[in-house]
Every structure is written in structure tokens, then in C-alpha cells.
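K.L.:
below is the sequence, then the predicted model.
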Amino acid sequence: MNAVRRSLLGAVVCGLLLTAHGSVLGQETAFDLETTLARLGAQLERRYQQTQRIVSTEMVWVRSFTREMRSNGSARRLEFERRVEWGTSEENGVPSVTVFRDLRSVNGREPKQGDEDACLTPAATTEDPLSAFLPVRQVEFDFSLRELEQIDSRLVARLEYVPVVEGSADVTWDEDCVSISLSGRSRGEVWVDVESGDVLRLDEHLTGQFDFRVPDERALTRPRQITLERDDRSIRYERVTFENPVETLMLPRSIERSWVLRGGGFVPRYYRRQQFSNHRRFVTDGRLVGVGGTADDGGRRQPEPAPARREP
């Protein structure tokens, strides 16, 4: 039923948009919702197979604010080495794409015990957000085609999506930090290059406020009821060109995320920015960088990373 509804909606919206934009662009690009999703999924499969050879530097800034947007203390600055690994779940055979982070510095100093567990520090292991759009997982969402846009001389389709099933909530406390995982409770927009299937941008927002309670053992020191009012995330991607051999990949440029909480004695507003740079590609076969960023070359000499440059 979902596939039928998606195809019909895509055909109607696409017909209107191509009529409006065909004269401006001077040509018509043959596509509809299903074609765009197919290109998106195929391009992601190729991208993940290639980016297993990419190691990047990830800079993170974490700040908190009052409800009036006054800064609550100084920003915390973190530096990670980041890589991506493509695999397949042993349980159901569904592809999984995991991001691994190795913390290298905190505010310019070497990490100390407990730094990795500080509030709002990106987890050492997370799922890459674009893996949700792999072909086998697209059935988890209802998509609709909204608008065509021109971005950097590229014809881009904006797709909206909502989860088919609302998942369970997972709230975990660690000292004064709380981690909230709300699977299937975010709606989003993704900007897709119509011709190549590249993702240029991804935005996500909560579908609604989420209420939870402070555990009994903590209720003596803070109000019981807490509301997560907002959880917004925006990811931008850019072309990065490598040399020797020449290869261009779409890699994340930045992630901006903000949270708004009410109650529980928390500072109400939190903001985290992640910036990616210094992309390195290893061009020989075999696993050269381990989970912690350490060399694992099986006794072979580790090659120099190939240089990369951002495209203007």
C-alpha cells in the first residue's frame, strides 16, 4: 500500500514541477519520486563502499544557553578522528553503516578519563544518518516529493519523509546527563541531486514534544517532569576531490544540532556544531585504520594518505 501511494503522489507532484521548471532549465529531466529514491539508494551504496577508505578530522563545539539565549559558560571544543565502516547485520542481513570516533583532544589538551562520557559528547560509535535511505530500508518511511531547486547549478529535489512506525523511547541516565533515543519520532527533509542521487542536505525535527520523568532516586534533587520540546538537526554535504587517483566523493561538511528542554533543573537550550575537514584516503587494499584510529596493516607499510581538496 505504501509503494502505491508513494508512486501516485510522486507522479502528480513531479508532473506539475517539471512543467513549471522545464522552460527555465532549457530541458526536462526525466524523473519521479520512485526514480529519485532509486538513484539515492544506489548512490549511497556506492558512496559507503568508497568512504570506508576515508579518515577525517571532526571538530565539535558544545554550548548551552538560557531560555533568553544568554550563554551558560564557555564552549567545549573536541577533536576526533572519524571513519565509517560498512557492514551487514548478522540477524537480518540489513546493511549497517557505523561511524567510529576516536577522541584526540578536549579544549586543546589531551583527553582525560571521563571526557568521552561528558554530556553531549558525540558517541564513539553511531549509525550514519544517511544509512536510513539505503534501498532495503526505504520501506521504513513514507516519502513525498515537494520542490525542485537549483543549488550550485545542480537540479535538486526536496523530499519529505516520515517514519511508517513510531519506535520506542529509550531514556538513559548517567550522573547528571540524560540520553534520549526516540526511534521513528522525527520527520525530515532531504535534498537529492536529481541526476546523480547525491545528498546535499538533510534536516530532521521531532514530530512532537516528548515527556519523561526523572527516576525516583534522582527526584529528591530536581523536578520530576521533563519535556523535550525540540530536537533539530541539519547536515550539509560537499564534494571533496582526491588525487592519485582522481576521485570525487560527497562527504559531510557540517552538522548543527539543537535541543530545547523544559523542567528537571536542566539548562533549557543546548547547541552542538560538528565540522569536518582534513579528509584522507588510503589507496591500498586491506584495513589500514582500526576502530581506534590505530594502524592495522598486517605487517605491511602503511601508505601515505592521498590529498584531498574541496570543490568551490
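P.N.:
It's in. Residues are numbered from 1 along each chain as shown.
K.L.:
quick one: the helices in this structure?
P.N.:
If you assign secondary structure with DSSP state H, the helices in the chain sit at 2-25, 33-51.
K.L.:
and the ones you listed, which one's lowest on average pLDDT?
P.N.:
Between these, the one with the least mean pLDDT is helix 2-25; it has a mean of 37.
K.L.:
quick one: contacts for Gly184?
P.N.:
If you count contacts by CB atoms under 8 Å, 6 or more residues apart in numbering, Gly184 has them with Glu140, Pro163, Val165, Glu166, Gly167. All C-beta atoms are positioned from the backbone trio N, CA, C, and that covers glycine.
K.L.:
who wins on neighbours among those residues?
P.N.:
For the contacts of Gly184, counting by other CB atoms under 10 Å, the largest number of neighbours falls to Pro163: 17 neighbours.
K.L.:
farthest pair within the contacts of Gly184?
P.N.:
Greatest spatial distance among the contacts of Gly184 (CB to CB): Glu140 and Glu166, at 11.4 Å.
K.L.:
one step back: can I get the contacts of Gly184 in a markdown table including pLDDT and distance to Val84?
P.N.:
Below are these laid out as a markdown table (pLDDT from 0 to 100; distance: CB to CB, whole Å):
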| residue | pLDDT | distance to Val84 |
| --- | --- | --- |
| Glu140 | 95 | 21 |
| Pro163 | 97 | 23 |
| Val165 | 95 | 26 |
| Glu166 | 92 | 28 |
| Gly167 | 89 | 23 |
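K.L.:
in strands only, show me these.
P.N.:
Pro163 (DSSP state E).
K.L.:
which one of the contacts of Gly184 is nearest Leu103?
P.N.:
When those are compared for distance to Leu103, the smallest value, 28.6 Å, is given by Gly167; criterion: CB to CB.
K.L.:
wait, Arg187 touches Glu204, no?
P.N.:
Yes: counting by CB atoms under 8 Å, Arg187 touches Glu204, with 7.2 Å between them.
K.L.:
those two: which is more packed in?
P.N.:
For Arg187 versus Glu204, the count of surrounding residues by other CB under 10 Å is larger for Glu204: 19 against 16.
K.L.:
point out where the stretch 1-150 of the chain drops to low pLDDT.
P.N.:
Within the stretch 1-150 of the chain, the stretches with pLDDT under 70 are 1-30, 88-94.
K.L.:
what about 90?
P.N.:
When the per-residue scores of the stretch 1-150 of the chain are filtered using pLDDT under 90, the ranges that remain are 1-32, 46-54, 67-74, 84-97, 114, 117, 147.
K.L.:
which residue ranges of the stretch 151-300 of the chain form strands?
P.N.:
154-163, 169-174, 177-182, 186-193, 199-206, 210-213, 225-242, 247-263, 269-281 (DSSP state E, counting those that start in this stretch).
K.L.:
dump the ones you listed to TSV, plus distance to Pro122.
P.N.:
Formatted as TSV, the strands of the stretch 151-300 of the chain follow (distance: least, CB to CB, whole Å):
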stretch	distance to Pro122
strand 154-163	23
strand 169-174	15
strand 177-182	12
strand 186-193	18
strand 199-206	16
strand 210-213	21
strand 225-242	12
strand 247-263	9
strand 269-281	7
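K.L.:
tell me, what residue is most central in this structure?
P.N.:
Note on the chain: the residue nearest the mean C-alpha position is Pro129, at 3.8 Å, using CA atoms, centre = their mean.
K.L.:
check contacts around it.
P.N.:
The neighbours of Pro129, taking CB under 8 Å, 6+ apart as the test, are Leu202, Glu204, Arg233, Ile235.
K.L.:
got it, and Leu134?
P.N.:
Each residue near Leu134 by CB under 8 Å, 6+ apart is listed here: Gly41, Leu44, Glu45, Pro95, Val97.
K.L.:
residues near Thr98, how many?
P.N.:
Based on other CB under 10 Å, the number of other residues close to Thr98 is 15.
K.L.:
these two touch, right, it and Gln52?
P.N.:
No: the pair Thr98 and Gln52 does not pass the contact test of CB under 8 Å, sitting 10.4 Å apart.
K.L.:
what do those two both touch?
P.N.:
With the criterion set as CB under 8 Å, 6+ apart, the overlap between the contacts of Thr98 and Gln52 is Val84, Glu85.
K.L.:
what's the closest non-adjacent residue to Asp117?
P.N.:
Of all residues not flanking Asp117 in the chain, Asp174 sits nearest, at 6.6 Å (CB to CB, 6 or more residues apart in numbering).
K.L.:
hmm, the one you found is touching Ala118, no?
P.N.:
No: using CB under 8 Å, Asp174 makes no contact with Ala118, being 9.9 Å away.
K.L.:
so for those two, which sits in the more crowded spot?
P.N.:
With other CB under 10 Å as the criterion, Asp174 and Ala118 differ in neighbour count, and Ala118 comes out ahead with 14 against 10.
K.L.:
quick one, what contacts Val156?
P.N.:
Contact criterion CB under 8 Å, 6+ apart gives Leu148, Glu149, Gln150, Trp191, Val192, Asp193, Val194, Leu200 as the residues in contact with Val156.
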